[in-house]
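J.: Sharing a sequence plus its predicted fold:
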Amino acid sequence: MQRVEGYRLVSGIRLNALDWLNFFLADVRGGLGAYVNVFLLTKAQWSQAAIGAVLSTSGLIGIMAHPAVGAFIDRTPAKRALIIAGAFVLSGCGLAIVWMPVLPVVLVADIIMAVLGGVFAPTVAAITLGLYGQEALPARLGRNAAFDRAGNVFIAVFIGIVGVAYSQKAPFYLVPLFAALTTIAVLSISARAIDHAKARGHDSDASHHARSPTGWRVLIRYRALLVFAAAAALFHFANAPMLPLVVQKLALANPGWETGLTSAAIIVAQFATILMALLVTRANALGRKPLLLLAFAALPLRGWLCMWFDDPSWLLAVQVLDGVGGGLFEALLPLVLADIMGGTGHYSLARGVVGTVQGIGGSSSQVVAGYIVTMAGYNAAFLTLAMVATAGLLLIVIAMPETTPSPKGGPS
């Protein structure tokens, strides 16, 4: 009864502020995203191999910081300030790439952006857990995901129109505006409303856990976490290059419409992710594993279809599966980790470790996919990614347990 009352108390301005935080933070992150790849390819005249190499190198360096970032999120009460600082630093990185798209600048900017990739989503998830607690988490995380995806749709439409009408550089100049709006939203959440013990995965009455050692070894005994991390690595190896490859293929075949087609691909996927977010709100009733299976099954199917279709309309339609696969997985990620790590005080640390593992998969696949495209073409790359995605699906089917908490509070 205590948590239900807590859920009802987190209403009004705090609930609205969290909605807007997810919406505008999506605008900050979505204001760059795939547009960096397209800008480097079509305007800065970078080769496919060069783009893949830089993105992979910067990603591999940056993501190694994710566990340390996660441990810091667990410990710090300044979670709101962390989001604000990250949003403006990300804005500066985007502007640096546009103003000076040379190797040293792009590499440093991409490293910083990779590190920040371990800040935003885990911090918002920790704030949400601190506001709502475990019992109400599926409904609130589903709502977070819905507003995040709505923000992605908005920024994709907005930037697509501005980019086609004016310049491909427009997305990079708009990010500081959305960073300012993100700041307003996050400051509207009262710092005192966040229970920082709950935010790191403690029970409110288990303060002695605050003295637990924060490190890698404490996570090894959680078999479900290890299986989930391995599956996430395979998923992101297959998923990370797929949208960039699709938009690159579309951009090269349709010069002059690069930004518009990139936005269209993102919009199609994001509408599907909103529906997937609504599914996550029902995760207590449906179970976590059936939803994970749906997410992992959509990815290989998407790879096969991208291999068979060349028509722009079909390629864009297939991106619905991006929303089903990637969108559902990203919405489930903080929920499944909260199930596994409940009561440990290492929620964001576990998120950082999983982020590093899946980031290694995603970043290494960029250079692999770029090499395959250069040597054998886009269809060979899509085939390879589909096969890796199938391996991830099999791992979830065979080894991943159901993590929905039992009435006593532990995973079932």
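T.: Sure thing, it's come through.
J.: Tell me the spacing between the spatially most central residue of the chain and residue 292.
T.: Centrality entry for the chain: nearest residue to the mean C-alpha point is residue 330, 5.7 Å, by Cα atoms, centre = their mean. Relative to residue 292, residue 330 is positioned 12 Å away (criterion: Cβ to Cβ, to the nearest Å). Bear in mind the C-beta positions are built from the backbone N, C-alpha and C, glycine included.
J.: element containing the residue lying closest to residue 309 once chain neighbours are set aside?
T.: In space, and not counting its chain neighbours, residue 309 is closest to residue 315: 5.6 Å by Cβ to Cβ, 6 or more residues apart in numbering. Following DSSP states H and E, the helix or strand that holds residue 315 is helix 312-318.
J.: ok, and what's touching that helix?
T.: Residues outside helix 312-318 that contact it (Cβ atoms under 8 Å, 6 or more residues apart in numbering) are 246, 249-250, 253-254, 261, 264-265, 268, 302, 305-306, 309.
J.: Pick the one among these closest to residue 373.
T.: For the contacts of helix 312-318, the minimum distance to residue 373 (Cβ to Cβ) is 8.9 Å, reached by residue 249.
J.: Would you confirm that that closest one contacts residue 381?
T.: No. Checked against Cβ atoms under 8 Å, the pair residue 249 and residue 381 is beyond contact range at 9.7 Å.
J.: These two: which is more packed in?
T.: Shown here are residue 249 and residue 381; by other Cβ atoms under 10 Å, residue 381 has more neighbours (26 against 21).
J.: a strand runs through that one, doesn't it?
T.: No. Secondary structure assignment places residue 381 outside any strand; it is helix (DSSP: H, G, I helix; E, B strand; the rest coil).
J.: got the contact list for it?
T.: Neighbour list for residue 381: 241, 245, 369, 372, 373 [criterion: Cβ under 8 Å, 6+ apart].
J.: thinking again about what came up before, any idea which of the contacts of helix 312-318 is closest to residue 161?
T.: Closest to residue 161 out of the contacts of helix 312-318 is residue 264 (11.2 Å), distances taken as Cβ to Cβ.
J.: Low-confidence ranges, the stretch 101-250 of the chain, go.
T.: For the stretch 101-250 of the chain, applying pLDDT under 70 flags the ranges 167-168, 203-218.
J.: repeat that with 80
T.: Filtered on pLDDT under 80, the stretch 101-250 of the chain yields the residue ranges 117, 135, 152-153, 155-157, 159-171, 202-221, 247-250.
J.: Now do the helices in it.
T.: 103-116, 120-132, 137-165, 170-187, 196-199, 223-239, 242-253 (DSSP state H, counting those that start in this stretch).
J.: Quick one: mean pLDDT over stretch 403-412.
T.: Averaged across stretch 403-412, pLDDT comes to 65.
J.: Pull the number of nearby residues for the residue nearest to residue 309.
T.: When neighbours are counted by other Cβ under 10 Å, residue 315 registers 21.
J.: State the distance from it to residue 261.
T.: Applying Cβ to Cβ, the value for residue 315 to residue 261 is 9 Å.
J.: Which parts of the stretch 301-412 of the chain are helices?
T.: So, for the stretch 301-412 of the chain - with DSSP H, counting those that start in this stretch - the helices run 312-318, 320-322, 328-341, 347-376, 378-399.
J.: from the chain's centre, how far out does the last one sit?
T.: Spelled out, it's helix 378-399. Put simply, helix 378-399 sits 19 Å off its chain's centre (Cα atoms, centre = their mean, to the nearest Å).
J.: pLDDT of that helix, averaged?
T.: For helix 378-399, the mean pLDDT works out to 93.
J.: and what of the shortest one?
T.: Over the span of helix 320-322, the pLDDT mean works out to 88.
J.: contacting residues around that helix?
T.: By Cβ under 8 Å, 6+ apart, the list of residues contacting helix 320-322 from outside reads 239, 242, 243, 268, 269, 271, 272, 298, 299, 301, 302, 305.
J.: rerun that using 7 Å as the cut-off
T.: Among residues not part of helix 320-322, those counted as contacts by Cβ atoms under 7 Å, 6 or more residues apart in numbering are 243, 268, 269, 272, 298, 301, 302.
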